[in-house]
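**Q** pasted the sequence and its predicted model underneath.
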Amino acid sequence: MSSSSQKVTVATTWLDGCSGCHMSFLDMDERLVDLAEQIDIVYSPFVDAKELPPQVDLGILEGSISNDEDLHKAREFRAHCKVLLSLGDCAVNGNVPAMRNPFKLDDVIERSYRENVDLNPQIPTEGVPQLLSTVRPVHGVVSVDIFVPGCPPQADAIHYVLTELIAGRTPDPSQVTRFGA
């Protein structure tokens, strides 16, 4: 992925999740300055760009696929990104958003928007993405090249993966997976 004359282009977005993985990304602190010299973030919730460029070196998806908008974004990232990274447990295995999977979608919607609401109980429809019947991890809908688990992943793990990819190396999965504290 490394190019001596050009920066590595990076696109990120969050799907269904808490955005904690992007916060962990920011937790790299001063290492972000070094990374900024090597990467160009061309699309992200943190930048003004509203369109994913036609060709991106590295795409980073955080969150699970829970609605038609998430599905569209995941497919778009796969089509435009040379390497696709699944960041965090929601992206890797569905995590908390997938806790609704054992229940019927209609029952979840009814309970969320009518049963547990005191003022104006109604199911939102305008401007709201259509929920999918089940929540899926990113690799459940598109192929993924790199997995970085964690809820959220540690900043050190994210830094390790990015620096390895920038250098043109494949990160060792054992360096990003942790058990316990």
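**A** Okay, I see it.
**Q** what sits closest to the residue most central in space within the chain if chain neighbours are left out?
**A** The centre of the chain sits closest to Glu62, judged by C-alpha atoms, centre = their mean, with a distance of 1.3 Å. Among residues not flanking Glu62 along the chain, Cys21 sits closest, at 4.1 Å (C-beta to C-beta, 6 or more residues apart in numbering). C-beta coordinates here come from the backbone N, C-alpha and C atoms, glycine included.
**Q** tell me where the protein has strands.
**A** 8-14, 39-43, 56-62, 65-67, 81-87, 131-136, 146-148 (DSSP state E).
**Q** before we move on, back to that, bridging residues for the residue nearest to the centre of the chain?
**A** On the basis of DSSP bridges, Glu62 is bridged to Trp14, Leu87.
**Q** surely Ser143 meets Leu84?
**A** Yes - contact criterion C-beta atoms under 8 Å: Ser143 and Leu84 qualify, at 7.2 Å.
**Q** looking at those two, which is more packed in?
**A** For Ser143 and Leu84, the more surrounded residue by other C-beta atoms under 10 Å is Leu84, and the numbers stand at 23 against 8.
**Q** and the more buried one, what pLDDT?
**A** For Leu84, the model assigns a pLDDT of 98.
**Q** residues in contact with the nearest residue to Gln122 once chain neighbours are set aside?
**A** Spatial nearest neighbour of Gln122, chain neighbours left out: Tyr113 (6.5 Å); criterion: C-beta to C-beta, 6+ apart. The contact partners of Tyr113, by C-beta atoms under 8 Å, 6 or more residues apart in numbering, come to Pro121, Gln122, Ile123, Pro124.
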